[in-house]
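> sequence below, structure please.
(one chain, ligands or ions: 1)
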Amino acid sequence: MLKHSSGRTLYYGKGDVLVYRTYAKPLQVAAVPESAFEGDRNIIFAHNIKFAVSGDKLLASFTEGSNTFVVATDSMKNFLLRNAAEYEGGTTEGLLLFLGRRFLQRYPHITSAEISADRLPFQALDVPGSDGFVRNELVFRRSHNDHASAGLELVSRDGNVEVLASWSGLTGLQLIKVSGSSFYGFVRDEYTTLPDSYDRPLFIFLDIFWRYGDPEQAADAAKGKYVAAEQISDIAHTVFYEEQSPSIQHLIWLIGQRILIRFPQLAEVSFESNNRTWETIVDPASPGQPGVFTEPRPPYGFQGFTVIRADVQPEAPAAGGE
Ligand SMILES: O=c1[nH]c(=O)c2[nH]c(=O)[nH]c2[nH]1
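Residues are numbered from 1 along each chain as shown. Next up is the predicted model:
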């Protein structure tokens, strides 16, 4: 997408722009049964932003060494940081749209941009109050667990900025289910050494990406349709808990079904999963008994799949049983 009109790739930009905005607008979302998450005070609204731009006027910077139209990536970083102060919303998607649109309006000779970000999560903490523990609003714990992410492709035509594509995501989820997963019945031939497994300790890495039917609902939480990455994370672990999975392939299908049932405003949800199933050293005598496992040896398996709206089976139970 970031191309010169001749079709050749042309872009430049800045990565790892760390924007620690404080006191963004608090976020409120409609609750879903799988998640206790209903919002975020957004006292710390921190992101690692990547920003890249393109435009025909930039060709000469590559071919002739002319910097006449080059906005220095150092200036880009300053633009992103200073303008983040004026963002009035409370979502990653909204912040990216605000910053990307402002940049293209400020520099009209730059005609397209890609902007993406990982949210840097800071966890709220409880402290003793006069009547039990209370949520404090001053001290936060930096979390290195899964986090929200988002990205946008923008073009400007005659001063109007349009969104070409947008995605929202949850990155870095790592879940282990100690019992209740199997993998058997696969092709068995002279290359097969893997035994059938009827109860394996399934450790998965998951990245989940979703698109809205109407991308405006992602950028503006006031429309009441915002889907929080925390809710997606909670749905993923709930479905993993509830369902006996015959494979990761089917597990991500089930998680996708549940997400699209819960959020009719989403058009599709995509998965990238890794299989990190622990290697068994001492087999448990039966489920629930002690066992010993270790990290699997490389290489690792992976899966990718998109669940689309047309896949959603209306008769599918909204919540699976034990
Ligand atoms: O859930 C799984 N899917 C596979 O395709 C696969 N292949 C494999 O060796 N183990 C697994 N597990």
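> in contact with the closest residue in space to Asn136 that isn't next to it in sequence, which residues?
Closest residue in space to Asn136, ignoring its immediate chain neighbours: Val127 at 4.5 Å, by C-beta to C-beta, 6 or more residues apart in numbering. For every residue, glycine as well, the C-beta is placed using N, CA and C. Val127 makes contact with 133-134, 136, 139, according to C-beta atoms under 8 Å, 6 or more residues apart in numbering.
> repeat that for Arg21.
Going by C-beta under 8 Å, 6+ apart, Arg21 touches 44-47, 84-85, 87, 95.
> pull out the buried members of these.
Applying 16 or more other C-beta atoms under 10 Å to the contacts of Arg21, the neighbour count classes 44-47, 84, 87, 95 as buried.
> picking that back up, from the ligand, how far off is the residue nearest to Asn136?
Taking C-beta to the nearest ligand atom, to the nearest Å as the measure, Val127 falls 43 Å from the ligand.
> go on, Ala117?
On the measure of C-beta to the nearest ligand atom, Ala117 and the ligand end up 31 Å apart.
> over to Gly169?
Distance from Gly169 to the ligand, by C-beta to the nearest ligand atom: 22 Å.
> do Lys177 as well
In terms of C-beta to the nearest ligand atom, Lys177 sits 12 Å off from the ligand.
> ok, and the closest non-adjacent residue to that residue?
Closest to Lys177 by C-beta to C-beta, 6+ apart is Leu202, at 5.0 Å.
> just checking, that neighbour touches Gln244?
No. Leu202 lies out of contact with Gln244 (C-beta atoms under 8 Å); the separation is 10.8 Å.
> what is the burial count for Pro290?
Here the number of neighbours of Pro290 (other C-beta atoms under 10 Å) works out to 7.
> how about it: what's its closest non-neighbour residue?
In space, Pro290 is closest to Pro284, 6.3 Å off (C-beta to C-beta, 6+ apart).
> give me phi/psi at the one you found?
phi -60, psi 140 (degrees, to the nearest 10).
> phi, psi of the residue lying closest to Tyr107 once chain neighbours are set aside?
Residue nearest to Tyr107 in three dimensions, not counting chain neighbours: Val71, with 5.6 Å by C-beta to C-beta, 6+ apart. For Val71, the backbone dihedrals (degrees, to the nearest 10) come out as phi -80, psi 120.
> and the one residue in the stretch 51-200 of the chain that gets nearest to the ligand, bridged to which residues?
In the stretch 51-200 of the chain, no residue comes nearer to the ligand than Phe183, which is 4.4 Å away by C-beta to the nearest ligand atom. Assessed by DSSP bridges, Phe183 has beta-bridge partners Ser197.
> how many neighbours does it have?
Neighbour tally, Phe183, other C-beta under 10 Å: 20.
> hmm, Asp196 and it touching each other?
Yes. Contact status for Phe183 versus Asp196: in contact at 7.4 Å, counting by C-beta under 8 Å.
> in a helix, Cys80, correct?
Let me fix one detail, which is that residue 80 is Leu and not Cys. Yes. Leu80 forms part of a helix when assessed by DSSP: H, G, I helix; E, B strand; the rest coil.
> and Phe209, what element?
Here Phe209, judged by DSSP states H and E, is contained in strand 202-212.
> which parts of the helix or strand following that strand are buried?
Going down the chain from strand 202-212, the next helix or strand is helix 216-219, by DSSP H and E. Residues of helix 216-219 classed as buried: 217-219 (neighbour count, 16+ other C-beta under 10 Å).
> just these now: which is nearest the ligand?
Ala218 (30.9 Å).
> chain center to the lowest-mean-pLDDT helix or strand in the chain, what's the gap?
Averaged element by element with mean pLDDT, DSSP states H and E, the chain has its least confident helix or strand at helix 216-219 (a mean of 92). Centre-to-centre, helix 216-219 and its host chain are 15 Å apart (C-alpha atoms, centre = their mean, to the nearest Å).
> what mean pLDDT does the helix or strand hosting Leu254 get?
Element membership for Leu254 (DSSP H and E) is helix 248-262. Helix 248-262 carries an average pLDDT of 98.
> tell me if the helix or strand that it is followed by is near the ligand.
Next along the chain after helix 248-262, taking DSSP H and E as the criterion, comes strand 266-275. Yes. On the criterion C-beta under 6 Å from any ligand atom, strand 266-275 is in touch with the ligand at Asn275.
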